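Colleague: Compute the structure for the input listed below.
(2 chains)
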Amino acid sequence: MAVINYDSELRRAGAHSTHGWRKLTYLARRHMLGSIGLVIMILFVLAALLADFIARYDPLSVDSLQRLAPPSAQHWLGTDSFGRDVWSRIIHGARISLAVGVGSTLLGSSIGVMVGLASGYLSGWVDLVFQRITDILQALPLLVLALVMTAALGPSLPNVIIAIAIPLIPTVARVIRANTLALRELPFIEAAKSVGMSETRIALRHVLPNTLAPLIVLATAQLGSTILTEASLSFLGLGIPEPYPSWGRMLSESAAEYVRTAPWLVIFPGVAISLAVFGTNLFGDALRDILDPRQRG
Amino acid sequence: MTETTPLLKVTDLVKHYAVRGGVLRRRVGTVHAVDGVSFTVGVGETLGMVGESGCGKSTVARAILRLVEPTSGSIQLNGLDITHLGKADLREHRRSMQIIFQDPFASLNPRMTAGDIVGEPLSVHGLAKGEKKRERVAELFDQVGLRSDQMQNYPHQFSGGQRQRICIARALSLGPDLIVCDEPVSALDVSIQAQVINLLIDLQRRHGFSYLFIAHDLAVVAHISHRVAVMYLGRIVEIAEKAELFANPRHPYTQALLASVPVADPKKKSLKPMIDGDVPSPINPPSGCAFHTRCRYVMDRCKVDTPVLAEAGTKHQVACWLNEGTGRVTIE
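Modeller: Sure, this is the predicted structure:
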């Protein structure tokens, strides 16, 4: 009967290595789906960064001779009703999705962190006020709130980022607040106080670093939903204005009219959106498992 | 151990917590965590403080360090009343008092290296920077029996005893006069306990600071303390020199505590437990002497009048009506 030595098996697999390539390959093998998500995300980022080299055509240039051309060697994913190359537009659209996704996640998370830290650490009436505002924001769904915001601010890239960032604040603030409340009671915070540290220093040096793991997890998970919200906003005509290529707008332009005659106009932007969201979600899930196993489920 | 100028003088310290309930969060009760505690700690002295969990030992510790605001009473350190010091003044005085906590796992920031943890108080008070700070931290590491090459390690890479040594080094870094030890060895293995206790004693000999040493383990307290105070439900019921207290316990609660210490001799029959039941809730502490619900010598008077600490021999104070005039109580 074969005796399995678990320890040596784990060691061989790289479970015990604390850093370096072995640890990475070990994690990649443990979290297959997460690695797929990471690869999708990397491709997505590369597409956004290198759009000018990959795109083949100017995403804005109109070619009236090539209107609604089906996918071919010349136009890999076909052309739209203005004769613009769909492949180029999707590649350039990645830029906008990435800018909106990363921008609004960063903006929303940083404000959320500040609100959550202040709320949890100062407590009292500060907490009360922040929490009631958070309640109001959370009562409205992300999309509805973003819709109202863009309608009020007007459609432009910075406005879309702001509009999507604001609904993110409550979730981040709640997570950070809960963490801060738990951390505040730990002896190392009391030790910091008894040394005579200022409250700000304690909050930034001792509380914040210990809430980073759940924050990273949360931010990654939200990246997908911000990309989706941008697409939805653009689909509804409130996102990135014409003629810039946004995946959501590409869908809305063609969905009604061309879904039968030129299905590539609907399928490919849809696939792009799904892939991006799918990738970030897969990666976010794996990241959560790795960084914060307690939050599983 | 000069009697004239105590390093720490605590007078009538009271800490009540409000219990709030209902929709309007109205005050529905009061937790009498600490209910009028007075004691002194001399220079270079160790005062042991024992009592069951929930008797207010830790609250006393935290109130002295102004980590919780006392409801009333005063705390004097080096003759200066620090009870109502403002933020800036308090910051200065925090240098003279430090605390070591029970749980060495939770009392170190997991995201900082051991060296940074020990060195941080130095930067907060602007005492040392750069290379000088590094040298000082290395020196502190050496003093508590850690290797200076362990400065780059994170708390989770240390054992429980080593972590407690890091906590001690952090407490030492500011050169305090008083170190409050809140059950510093309760979370450690017995073999490690002795090492840490001996380290604490050794450091005291070298630096001459005082300890307020809180524990529930009488053997540990007996080993390190010069004097011992016994707490029950927010009050000190007996305080005396160590030898006197262990030889001559006057309060029925102290007697019960001493009788319950296990003896490492299988042939020796353990005494009948002199105390049973649980500590009453500090939300509605019993009237009169708080111990009367569990005391075997309870008299009618105990249920009405609260006894105060009174002299009962040389440097021996006890709060019990049995000691009024009649002298000591005997164990049957």
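
Colleague: So for B:D81, what's the nearest residue that isn't a sequence neighbour?
Modeller: B:S74 (5.6 Å; C-beta to C-beta, 6 or more residues apart in numbering or on different chains). Backbone N, C-alpha and C define where each C-beta goes, glycine included.

Colleague: Could you show which parts of chain B are in contact with chain A?
Modeller: Within chain B, the positions adjacent to chain A are B:62, B:65, B:67, B:90-92, B:94-95, B:97-99, B:101-103, B:106-112, B:120-121, B:124-125, B:167, B:170, B:174 by C-beta under 8 Å from any C-beta of the partner chain.

Colleague: Next step: those restricted to helices.
Modeller: Applying DSSP state H to the residues of chain B next to chain A, the entries found in helices are B:R62, B:L90, B:R91, B:E92, B:E120, B:P121, B:V124, B:C167, B:R170.

Colleague: Can you flag the buried ones in these?
Modeller: Buried members of these, counted by 16 or more other C-beta atoms under 10 Å in any protein chain shown: B:R62, B:R91, B:E120, B:P121, B:V124, B:C167, B:R170.

Colleague: Isn't the first one up against B:V68?
Modeller: Yes: here B:R62 lies in contact with B:V68, judged by C-beta atoms under 8 Å, at a distance of 4.6 Å.

Colleague: returning to that earlier point: could you name the helices and strands sitting against the host helix or strand of the residue nearest to B:D81?
Modeller: Using DSSP states H and E, B:S74 sits in strand B:72-77. Using 3 or more C-beta pairs under 8 Å, 6 or more residues apart in numbering or on different chains; DSSP states H and E, the elements in contact with strand B:72-77 are strand B:8-21, strand B:26-41.

Colleague: Need the three-state assignment for B:Y211.
Modeller: In three-state terms, and counting by DSSP: H, G, I helix; E, B strand; the rest coil, B:Y211 is strand.

Colleague: Please name the residues that touch it.
Modeller: For B:Y211, the contacting residues are B:V41, B:E45, B:T46, B:L47, B:L178, B:I179, B:V180, B:C181, B:L200, B:Q204, B:I224, by C-beta atoms under 8 Å, 6 or more residues apart in numbering or on different chains.

Colleague: okay if I get those residues as JSON lines plus pLDDT and neighbour count?
Modeller: Converted to JSON lines, these look like this (pLDDT from 0 to 100; neighbours: other C-beta atoms under 10 Å in any protein chain shown):
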{"residue": "B:V41", "pLDDT": "94", "neighbour count": "27"}
{"residue": "B:E45", "pLDDT": "94", "neighbour count": "21"}
{"residue": "B:T46", "pLDDT": "95", "neighbour count": "25"}
{"residue": "B:L47", "pLDDT": "95", "neighbour count": "22"}
{"residue": "B:L178", "pLDDT": "95", "neighbour count": "21"}
{"residue": "B:I179", "pLDDT": "95", "neighbour count": "23"}
{"residue": "B:V180", "pLDDT": "95", "neighbour count": "28"}
{"residue": "B:C181", "pLDDT": "94", "neighbour count": "28"}
{"residue": "B:L200", "pLDDT": "95", "neighbour count": "23"}
{"residue": "B:Q204", "pLDDT": "95", "neighbour count": "17"}
{"residue": "B:I224", "pLDDT": "93", "neighbour count": "21"}
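
Colleague: so the residue most central in space within chain A is in which element?
Modeller: Per C-alpha atoms, centre = their mean, the C-alpha nearest to the average position across chain A is that of A:L223, at 0.9 Å. Using DSSP H and E, A:L223 falls within helix A:208-235.
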